[in-house]
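1. with the input below, show me the fold.
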Amino acid sequence: MEERKCLVAGGNLLQAHTWKGLLEACGIPVELRGEALMGGIGELPVDMQTVELWVPESSIEAAKQQLCQLQAEQPKWQCVQCQEWNEASFELCWNCSAECCERHND
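-> Numbering: from 1, shown residues only. From the prediction side, this is the model:
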């Protein structure tokens, strides 16, 4: 079995699953470690409250490139209900919970 390396570690479980799905869709096998310990937040030491993505050593560069592409600047969108500006990753307005409507945004 090929040696694995930790690609990224952090405390955001949702983001870790998003990245895992992206990498797997690109054909890169990913192992998510530490997920079961997230239920112990507040009870466990801080250094145990991380989620880690592990990939085969031969795929580490391809995985880094895929994650770098996610960091590309995406345009914000303006809510048609309350006119508040939202980050591109938001599907609902953070202020009023209205759905993103692309045709009304520049």
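2. quick one: the strands in the protein, in order.
-> 4-10, 31-33, 51-56, 77-78, 85-86 (DSSP state E).
3. any idea which of those strands gets closest to residue 94?
-> strand 85-86 (5.8 Å; C-beta to C-beta). The way it works is simple: take the backbone N, C-alpha and C, and place the C-beta from them, glycine included.
4. before we move on, back to that, which of the strands of the chain is buried the deepest?
-> Burial of the strands of the chain is given as mean neighbour count (mean count of other C-beta atoms under 10 Å); strand 51-56 ranks first at a mean of 20.
5. contacting residues around stretch 6-13?
-> 16, 19, 30, 34-35, 38, 49-55, 60, 63-64, 67 (C-beta atoms under 8 Å, 6 or more residues apart in numbering).
6. so residue 79 makes contact with residue 95?
-> Yes: proximity of residue 79 to residue 95 meets the contact threshold set by C-beta atoms under 8 Å, at 6.7 Å.
7. neighbour-wise, which of these two wins?
-> Between residue 79 and residue 95, counted using other C-beta atoms under 10 Å, residue 79 has the larger neighbour count: 22 against 13.
8. nearest the geometric middle of the chain, what residue?
-> residue 15 (2.6 Å; C-alpha atoms, centre = their mean).
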